[in-house]
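1. got a sequence here, can you build the structure:
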Amino acid sequence: MNAVEIEEAVTALAAAPFDRDEFPFAFLRAFGNKETTLKKLRSGASNKSDLGGVLQTSNIHIAVAAPGDVSATLAALRESPATTRAKAKFILATDGEAFEAEDLASGSGETVACAFADFPDHFGFFLPLAGITTVKQVRDSSFDIRATSRLNKLYVELLKDNPDWGTAERRPDMNHFMARLIFCFFAEDTDIFNGSGLFTATIDQMSERDSSNTHTVIGEIFRAMNTAISNRASAGLPRWADGFPYVNGGLFSGSLDVPRFSKIARTYLLHIGSLDWRKINPDIFGSMIQAVADDDERGALGMHYTSVPNILKVLNPLFLDDLREHLAEAGDNPRKLLNLRNRMARIRVFDPACGSGNFLVIAYKEMRAIEAIINERRGEDGLKSEIPLTNFRGIELRDFPAEIARLALIIAEYQCDVLYRGQQLALNEFLPLNAQNWITCGNALRLDWLSICPPTGTGVKLVGDDLFNTPLDQAQIDFENEGGETYICGNPPYLGSTWQDDEQKSDLQAIFGHRTKSWKSLDYVAGWFMKAADYGTKTSAAAAFVSTNSICQGQQVPILWPLVFATGHEIAFAHTSFKWANLASHKAGVTVVIVGISNHARKLRQLFSSAENDASIVKEAENINAYLVSGPNIEVSQARSTISDISPMVRGNMPYDGGHLLLTSDDVDTLNLNEDQYHRFIRKNYGGAEFIRGVERYCLWIEDANLDEAMHIPGIKTRIEAVRQMRLASPDKGANEMASRAHQMREMNIGRSHTIVAAAISSENRPYLPCGLINNHTTVNNKNYALYDAPLWNLALIASRLHWVWIGTVCVRLEMRFSYSNTLGWNTFPVPPLTEKNKADLTRCAEDILLAREAHFPATIADLYEVKDGESKMPANLREAHERNDAVLERIYIGRRFRNDTERLEKLFELYTKMTASGGAAKKRKAGATA
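-> Reported below is the predicted structural model:
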């Protein structure tokens with residue numbers, strides 16, 4: 001369940017008749033508990049309550065109190081030994097009239113005390129019960145989720161009754177209508193309209209209960225807000241509509257058509273109006289509401305929240321921290337404070353993938369907060385802001401999010417004016433809305449950013465004439481204040497090369513086609529980095545984007561970053577990989593990095609990494625390279641042999657057989673082989689998934705000397721002939737040539753005593769790479785890499801955290817999974833010279849890891865290294881074996897354990913640079929390993 005679905009379930013529960021016996025189970029059901037879980041609680045099998053309530057271990061202790069006894073019952077829950085033993089996160093008591101709860105887990109001691117009917121207003125407080133660990137802003141802003149839920153219901157209901165409004169031609173009208181409604185709901189609760197609840201009350205009073213004229217009433221209200229006061233007398237407005245102010249700004253211009261309402265839709269609208277829209281948080285609300293109007297995204301409704309702390313990870317080091325530093329330096333000096341305020345008035349913030357405007361809204365609010373401190377120190381409280389809203393530019397491909405972005409910025413400006421200047425001054429200057437359009441609807445990779453956000457002294461070609469009715473070509477308007485810096489920011493679409501459609505590939509070709517032949521391998525987000533770098537060559541600017549970490553790993557590094565660096569830009573700051581979470585239950589979110597680029601970076605660059613509790617650790621570096629490591633700019637390239645004195649690794653055997661040489665156990669049985677034949681012609685054979693999951697597969701293994709005997713076995717002969725025909729029919733000449741030895745795979749490698757195996761594709765969530773040891777009657781196919789008869793200490797290297805970090809950085813990613821490579825990952829892996837004692841110690845470590853696994857037979861690698869809900873499920877003895885292995889290996893590198901992965905990478909890159917500069921041990925080796 002996601003947050004919106006939970007809110008709907010909680011609201012329904014509060015509205016239903018109170019059932020003392022059923023309430024605890026209904027409450028848990030609303031937060032996603034399955035019926036099997038509830039059945040165990042009902043039976044008492046898992047209910048550990050000592051107060052006659054319902055106690056779910058590691059979750060919540062609920063008790064239904066006697067009438068008027070809620071506070072005492074909550075106290076009893078708090079003191080209950082069972083609550084402590086079960087490590088309950090929350091306690092909850094209610095009698096159906098009053099409702100009280102307390103958070104025991106976070107250490108905050110937060111409580112909820114309200115009427116039972118109002119407890120859905122606090123549902124965000126309980127989201128951890130559903131596995132949704134949210135930042136405080138969401139818990140404090142349950143309103144935004146409730147509003148999104150109701151608007152979605154209304155939207156779906158209106159499309160049901162007005163299917164033509166759902167067509168591509170009329171969808172913009174529908175989206176524009178929703179934007180108008182949102183404005184009206186906000187305006188009627190914030191005194192922008194005269195009196196409280198004017199919009200909702202007028203519809204309730206003037207429209208028929210059967211909803212037959214609801215669309216007409218709304219249309220007349222909209223017409224009033226599009227009619228200047230001077231024109232009201234001749235407009236023929238109904239008296240009840242004349243009380244609405246003139247809004248303008250394009251929000252109520254153009255078509256005033258309103259979709260027809262059913263009775264259900266009218267009810268939904270009135271319910272939405274009954275919410276307290278003063279609580280709207282535009283930086284949260286916008287990112288969720290954009291999903292309402294998108295058929296593809298509505299199924300993920302409520303999962304589009306982008307947390308303010310995450311956005312500030314971009315904006316703070318990009319420019320806000322610098323503003324705050326100058327504020328601190330200015331102290332109470334009036335001149336310095338004035339200079340800073342003047343500087344801020346000229347700053348331009350540009351998000352060329354702005355969606356519903358989250359980054360722009362947060363940037364605006366943070367700058368207004370700094371400006372308010374300046375005004376307070378200068379004794380100028382209440383001064384009109386000198387930060388123009390139109391200095392916050394954006395590009396958005398879809399029209400509805402673009403409208404929501406403008407609306408969110410308008411609401412943010414009004415809320416800041418109320419906060420820093422007072423309600424009356426805010427109201428006096430709010431209406432009519434400005435008609436300038438500063439959010440452009442179009443394809444950011446095709447538009448000219450210099451025209452949308454022009455450099456100082458450069459005029460613009462067009463003037464936007466309407467705030468909300470935007471042509472699809474770029475709208476261009478002058479800035480109020482010339483000069484100043486431009487900061488480009490945002491969270492563009494990532495889209496790896498596999499997932500790009502033809503139009504998106506064409507976008508990248510237009511940007512990169514004349515720069516590199518390898519552009520097809522780039523993620524879509526790379527286009528934004530290149531456009532930002534090009535923009536920075538024309539004007540004073542810096543840029544920072546959220547991106548999947550794949551652009552700083554593997555093959556994309558030597559393609560993208562030399563092009564960015566060639567423009568004179570460097571990485572000014574970066575945040576290494578962290579989870580960009582959403583509001584879906586038990587969803588980890590996508591792994592991202594933040595990269596800031598500038599051609600006038602500070603001497604010391606900032607490299608951030610995540611610590612516990614989502615805190616950030618910052619390290620200053622003289623240079624940050626494209627792998628987001630403190631060190632020189634280098635590119636790790638494929639190596640045909642190892643740069644370290646380690647054993648050669650090769651790809652497993654490629655069957656190229658049409659499936660005829662590979663066998664299941666049933667296939668083996670149908671061959672009717674005797675024991676000698678089985679030993680001669682059958683080998684266990686692992687693919688990558690089979691190796692990780694412990695699934696046994698087999699293959700035909702026929703040496704040339706045994707071919708005649710094998711061909712006398714009908715089942716084997718049939719399979720060999722099928723391979724021959726498949727290879728002959730192939731358009732690949734190499735396959736045609738292999739038809740002459742159809743009894744064999746392309747390679748026929750197998751260990752004389754053993755083989756060390758590393759899976760080619762594996763989950764990035766495991767703390768170590770899937771690797772292991774197989775005997776001399778077992779082989780692997782091309783979904784694995786193999787070290788045949790290599791000393792066992794090589795396994796200790798592959799199984800280390802050091803190697804996991806290296807592979808995750810320099811190898812290609814398949815989606816987010818690790819895609820291992822011998823030429824890029826193993827051959828380039830920098831290992832210091834090892835003494836015989838080092839090798840003996842590492843051999844013992846590898847043996848300990850294998851023995852720890854063996855102790856849990858028949859558990860597979862997948863079982864032993866499982867990560868569930870972000871937590872490793874490794875058995876204690878296996879974890880200890882890996883810890884010992886890491887300790888031994890890392891002391892070889894630096895004489896102690898590394899503090900974190902960032903430190904590991906820095907050392908590895910330092911070693912790699914030295915070893916490749918001198919040619920490395922690989923120069924002496926002739927392994928000739930190929931991918």
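
2. show me the shaky parts of the stretch 701-850 of the chain.
-> 813-817 (pLDDT under 70).

3. a strand runs through A113, doesn't it?
-> Yes - under DSSP: H, G, I helix; E, B strand; the rest coil, A113 falls within a strand.

4. identify the residues contacting it.
-> 98-100 (Cβ atoms under 8 Å, 6 or more residues apart in numbering). For glycine as for every other residue, the C-beta is placed from the backbone atoms N, C-alpha and C.

5. and the helices in the stretch 701-850 of the chain, which stretches?
-> With DSSP state H, counting those that start in this stretch as the criterion, the stretch 701-850 of the chain has helices at 707-711, 714-729, 733-738, 793-798, 801-810, 836-854.

6. right, I mislabeled it, should have said the stretch 101-250 of the chain
-> Using DSSP H, counting those that start in this stretch, helices in the stretch 101-250 of the chain cover 136-139, 142-161, 171-189, 198-206, 214-225, 232-235.

7. and of those helices, who's closest to L495?
-> With Cβ to Cβ, the closest approach to L495 among these belongs to helix 171-189: 23.1 Å.

8. need the contacts of A113 in JSON lines (columns: secondary structure and distance to P81).
-> Converted to JSON lines, the contacts of A113 look like this (DSSP: H, G, I helix; E, B strand; the rest coil; distance: Cβ to Cβ, whole Å):
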{"residue": "A98", "secondary structure": "strand", "distance to P81": "25"}
{"residue": "F99", "secondary structure": "strand", "distance to P81": "24"}
{"residue": "E100", "secondary structure": "strand", "distance to P81": "20"}
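
9. can you give the distance of the single longest helix found in the chain from its chain's centre?
-> Criterion DSSP state H: the longest helix present in the chain is helix 399-421. Relative to its parent chain, helix 399-421 has a centroid offset of 25 Å by Cα atoms, centre = their mean, to the nearest Å.

10. same question for stretch 49-57.
-> 37 Å.

11. quick one: average pLDDT of it?
-> Averaging pLDDT along stretch 49-57 yields 93.

12. over to stretch 280-291?
-> Stretch 280-291 comes out with an average pLDDT of 71.

13. the longest helix of the chain packs against which elements?
-> helix 171-189, helix 282-289, helix 358-377, strand 392-396, helix 423-430, strand 439-441 (3 or more Cβ pairs under 8 Å, 6 or more residues apart in numbering; DSSP states H and E).

14. dump the C-alpha coordinates for whatever helix or strand comes next after the last one into CSV.
-> Elements were assigned by DSSP states H and E; along the chain past strand 439-441, the next helix or strand is helix 449-452. These are the backbone C-alpha positions of helix 449-452, laid out as CSV (Å, rounded to 0.1, in the frame of the first residue of the first chain):
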residue,chain,number,x,y,z
TRP,A,449,18.2,27.2,-22.5
LEU,A,450,20.0,30.4,-23.3
SER,A,451,16.7,31.9,-24.6
ILE,A,452,14.6,30.6,-21.7
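
15. off-centre distance for helix 449-452?
-> 28 Å.

16. report the buried residues of the next helix or strand after that helix.
-> Note on helix 449-452: by DSSP H and E, the next helix or strand toward the C-terminus is strand 486-490. Buried residues in strand 486-490, defined by neighbour count with 16 or more other Cβ atoms under 10 Å: 486-490.

17. between these, which sits nearest I720?
-> The nearest member of the buried residues of strand 486-490 to I720, counting by Cβ to Cβ, is G490 at 58.0 Å.

18. residues contacting the closest one?
-> Taking Cβ under 8 Å, 6+ apart, one finds 314, 351-354, 359, 528, 545-546 in contact with G490.

19. try it again at 7 Å.
-> 351-354, 359, 545 (Cβ atoms under 7 Å, 6 or more residues apart in numbering).

20. beta partners of it?
-> F545 (DSSP bridges).

21. could you measure from it over to R801?
-> According to Cβ to Cβ, to the nearest Å, G490 and R801 sit 33 Å apart.

22. before we move on, what about S497?
-> To R801, S497 is 29 Å away according to Cβ to Cβ.

23. same question, D161
-> Note on D161: its distance to R801, by Cβ to Cβ, is 58 Å.

24. what does I452 give?
-> Distance from I452 to R801, counting by Cβ to Cβ: 46 Å.

25. go on, S616?
-> For S616 relative to R801 (Cβ to Cβ), the value is 21 Å.

26. what of V757?
-> Separation of V757 from R801 (Cβ to Cβ): 19 Å.

27. now the helix or strand hosting R891: buried residues?
-> R891 belongs to helix 876-894 when elements are defined using DSSP H and E. Neighbour counts over helix 876-894 (16+ other Cβ under 10 Å) mark 878-879, 881-882, 884-886, 888-890, 892-893 as buried.

28. where does the prediction get shaky in the stretch 1-150 of the chain?
-> 1, 107, 133-141.

29. how about low-confidence regions in the stretch 401-550 of the chain?
-> Residue ranges of the stretch 401-550 of the chain with pLDDT under 70: 435-437, 456-483.

30. at 50 what do you get?
-> Across the stretch 401-550 of the chain, the ranges flagged by pLDDT under 50 are 457-477.

31. count the neighbours of E22 for me.
-> Residues near E22, counting by other Cβ atoms under 10 Å, number 15.

32. scratch that, L51
-> When neighbours are counted by other Cβ under 10 Å, L51 registers 18.

33. how about the nearest residue to it, chain neighbours excluded?
-> Using Cβ to Cβ, 6 or more residues apart in numbering and skipping the chain neighbours, the partner closest in space to L51 is A63 (5.2 Å).

34. quick one on the thing from earlier: figure out which of the helices of the stretch 701-850 of the chain is closest to N375.
-> Closest to N375 of the helices of the stretch 701-850 of the chain, according to Cβ to Cβ: helix 801-810, at 46.8 Å.

35. for the closest one, packing partners?
-> helix 876-894, helix 901-917 (3 or more Cβ pairs under 7 Å, 6 or more residues apart in numbering; DSSP states H and E).

36. using a markdown table, lay out these together with mean pLDDT and distance to A601.
-> A markdown table is the format used below for these (pLDDT from 0 to 100; distance: least, Cβ to Cβ, whole Å):
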| stretch | mean pLDDT | distance to A601 |
| --- | --- | --- |
| helix 876-894 | 97 | 29 |
| helix 901-917 | 92 | 19 |
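
37. ok, which of those helices comes nearest I571?
-> Nearest to I571, of all the helices and strands packed on helix 801-810, is helix 901-917, at 14.1 Å by Cβ to Cβ.

38. among the helices and strands packed on helix 801-810, which comes closest to N653?
-> helix 876-894 (28.7 Å).

39. need the contact list for H575.
-> 313, 593-594, 608.

40. now the longest strand belonging to the chain: buried residues?
-> The longest strand of the chain (DSSP state E) is strand 570-580. Within strand 570-580, the residues scored as buried using 16+ other Cβ under 10 Å are 570-578, 580.

41. beyond that strand, next helix or strand please.
-> The C-terminal neighbour of strand 570-580 among helices and strands, as given by DSSP H and E, is strand 590-598.

42. ok, that next one: who's next to it in the sheet?
-> Strand 590-598 has these strand partners (DSSP bridges): strand 541-548 (antiparallel), strand 570-580 (antiparallel).

43. what's the angle from the helix or strand following that strand to strand 570-580?
-> Using DSSP H and E, the helix or strand that follows strand 590-598 in sequence is strand 605-610. Strand 605-610 runs at 10 degrees relative to strand 570-580, counting by axes from the mean of the first three to the mean of the last three Cα atoms, to 10 degrees.

44. can you list the buried residues in strand 605-610?
-> In strand 605-610, counting by 16+ other Cβ under 10 Å, buried: 605-610.

45. mind putting those into a markdown table with distance to A566?
-> Listed next are these as a markdown table, based on distance: Cβ to Cβ, whole Å:
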| residue | distance to A566 |
| --- | --- |
| R605 | 19 |
| Q606 | 23 |
| L607 | 22 |
| F608 | 26 |
| S609 | 28 |
| S610 | 31 |
